[in-house]
Structures are given as C-alpha cells and as structure tokens.
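Colleague: missing the sequence, but the structure's below:
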Ligand code: ADP
Ligand code: ZN
C-alpha cells in the first residue's frame, strides 16, 4: 500500500494510491491541532492497511532535507501549536519501518503537474500558488529544488508598482510579494475578498503586475520553460494572460526561453495537485 498525506493550512487530505500518482481512495478533513490532524490521517490509513511508503506534502516552512536537525519539523509558522512539531515522527511510530518522503506542498504540486498535468514533458518547470499565502515549487532538470531549507518565493521583496503606497500584510516582512499580492493582501488593500472582485476591477492589474515581477525573478534565477500559476486567487478570469503580457513587457526581449506561448498557464490538476504530488513523492 502506498499512501499520501497533504497537510494544508486549512485542510488535510490523506489518500491511498500508487507511486505513479493514481489515487485509489481519499479523505479530506479540516486541519486542526498537529497531534489531532496526524492522528486522524494515520487512523484512516490504519483502517486500510500498512503502507510501505508515505509521501507527505506539507505547508511550510518545514525541514525537508534529510540529515539536518530540523528534518521533519514544522518551523517558524504563525499557525498556533505547529511550530517545532515533527510531522514525520508520528508516521514512524504508527508504521515502524515505513519509508517517508517529505516535501513542500508546492514541490508536490509542481511534480504532479510535470508528470500528469499542465507541465508534462517539461523538465524545467515552476508552480506558483496564490492563496492565503504565496509560494513556488521548482523543478530544475527534472529534479525538485530544495536548497538549504526550501525556496521561500513568497517572501522576497518585489519592486513597488508605481504609485502603490499599500503597506503590505506579511507578519514577517510587510511588503514582500506575499504581503502585497496574497489573497488576504487583496482583501486588505481593496476591502473586498479576491473571489468577489469584478473581472474588470483595477485590483487585477495590480495583482498581475506583482506576479509578473515574481515570475521574472524565477526566470532570472532558475529559468523555467513554463510557469504554472494556481491557487484560489489565480482563478480570476484572464489572470494568466494578463500576467504573461506584463511579463513580456518587463522582460524587455530578454529571458523568455524557447519563445514558448502560452508561457504562464493554469494548472490542470486543480485541487488534486497536492495529493497526487504526495503519492508521486514516494517514487522520487
Ligand atoms: P488556501 O491558500 O488557504 O489553500 P486557496 O488557494 O483556495 O486557499 O485561496 C484562497 C483565496 O483565493 C482567497 O483569498 C479567495 O478570496 C481567493 N479566491 C477563491 N476563488 C477565487 C476566484 N474565483 N477568483 C479570485 N480569487 C478567488
Ligand atoms: Zn513575507
């Protein structure tokens, strides 16, 4: 039996399936305290058998590099009770000897989209998510990028859109990319939830401007052949095309590899990317 667990900020998904990313059976439930959330996922799995491998896709920051002291632990998160909690130890206690592969939710998503979604056949691929937070998973030469911790794409300082005086909402940095362009940032800036903003609202020009500058940073550093943008906020109509248009303007005829169009695309797997990616992690 192969298992996958997607630990999200608001919901958790647990599944049985194959290392090829096929889901046999899954269960979604709200994320609560770490101990309770893990116990619920493990209880559900135990009713189905003993997994030989579990892939875990977790919200960050989380220690994903094996051999480092922080491996398996949730790190500096504002989520109450989660900081310093090991999400790997309970799995090993429940199923001694089980093979655990842990990665970030966005790395799981980029893996899933590369194997089965909007990035099939693309070995240099980035997956950006815009929801409650902003993050990016990066596949380079077919390998997931980890670094010393893992990339924190949402928290770098983007240039300011001319005339934008909004302070930003990141509790760590104020006006990092996430502080200026996440779902909560949009709600704070315009006084309306992103989901309720009209398609012709100026918010979408601002949003695409910031995401285009975020994407340009990825182009400058890891040179993806395609950029997938997912997450709740990305569902706004026309968002990908608008972001690509601005990206082309600011790239100044430089950067864009292969001249591939469309370059900025929506995900194909949608809500399933995380859990499919978690299953795929068992084969990495
Ligand atoms: P989470 O990051 O918690 O997993 P989501 O990825 O679903 O959640 O993102 C939630 C954000 O997406 C909220 O800010 C919400 O207003 C926004 N959102 C949801 N649906 C849409 C939509 N159709 N268009 C624009 N924004 C949306
Ligand atoms: Zn930040």
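Modeller: Received it, and whenever you're ready, just let me know what you need. Being a predicted model, the structure only gives us computed values, none of them experimental. Ligands and ions are numbered 1, 2, ... in the order given.

Colleague: measure the residue nearest to residue 61 when sequence neighbours are not counted to residue 83 for me?
Modeller: Among residues not flanking residue 61 along the chain, residue 75 sits closest, at 4.1 Å (C-beta to C-beta, 6 or more residues apart in numbering). (C-beta placed from N, C-alpha, C; glycine too.) Distance of residue 75 to residue 83, given as C-beta to C-beta, to the nearest Å: 7 Å.

Colleague: tell me which residues in stretch 86-104 are buried?
Modeller: For stretch 86-104, a neighbour-count test (16 or more other C-beta atoms under 10 Å) marks 86-88, 90-91, 94-95, 98, 100-104 as buried.

Colleague: in this structure, which spans are helices?
Modeller: Taking DSSP state H to define them, one finds helices in the chain at 34-46, 89-94, 105-116, 177-181, 183-190, 203-221, 239-251, 273-281.

Colleague: The buried residues of stretch 86-104 into JSON lines, with extra columns for distance to ligand 1?
Modeller: Below are the buried residues of stretch 86-104 laid out as JSON lines (distance: C-beta to the nearest ligand atom, whole Å):
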{"residue": "86", "distance to ligand 1": "23"}
{"residue": "87", "distance to ligand 1": "17"}
{"residue": "88", "distance to ligand 1": "22"}
{"residue": "90", "distance to ligand 1": "23"}
{"residue": "91", "distance to ligand 1": "22"}
{"residue": "94", "distance to ligand 1": "26"}
{"residue": "95", "distance to ligand 1": "27"}
{"residue": "98", "distance to ligand 1": "27"}
{"residue": "100", "distance to ligand 1": "23"}
{"residue": "101", "distance to ligand 1": "22"}
{"residue": "102", "distance to ligand 1": "19"}
{"residue": "103", "distance to ligand 1": "17"}
{"residue": "104", "distance to ligand 1": "13"}
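
Colleague: Distance across stretch 29-39, terminal residue to terminal residue?
Modeller: Between the start and the finish of stretch 29-39 there is a gap of 12 Å, counting by C-alpha to C-alpha, to the nearest Å.

Colleague: what's the closest non-adjacent residue to residue 186?
Modeller: Leaving aside its chain neighbours, residue 186 sits nearest to residue 194 (4.3 Å; criterion: C-beta to C-beta, 6+ apart).

Colleague: Give me the pLDDT for residue 284.
Modeller: Per-residue confidence (pLDDT) for residue 284: 88.

Colleague: Apologies, that question was intended for residue 258.
Modeller: Note on residue 258: pLDDT of 53.

Colleague: swap in the one 4 residues further on?
Modeller: Looking at residue 262, its pLDDT stands at 92.
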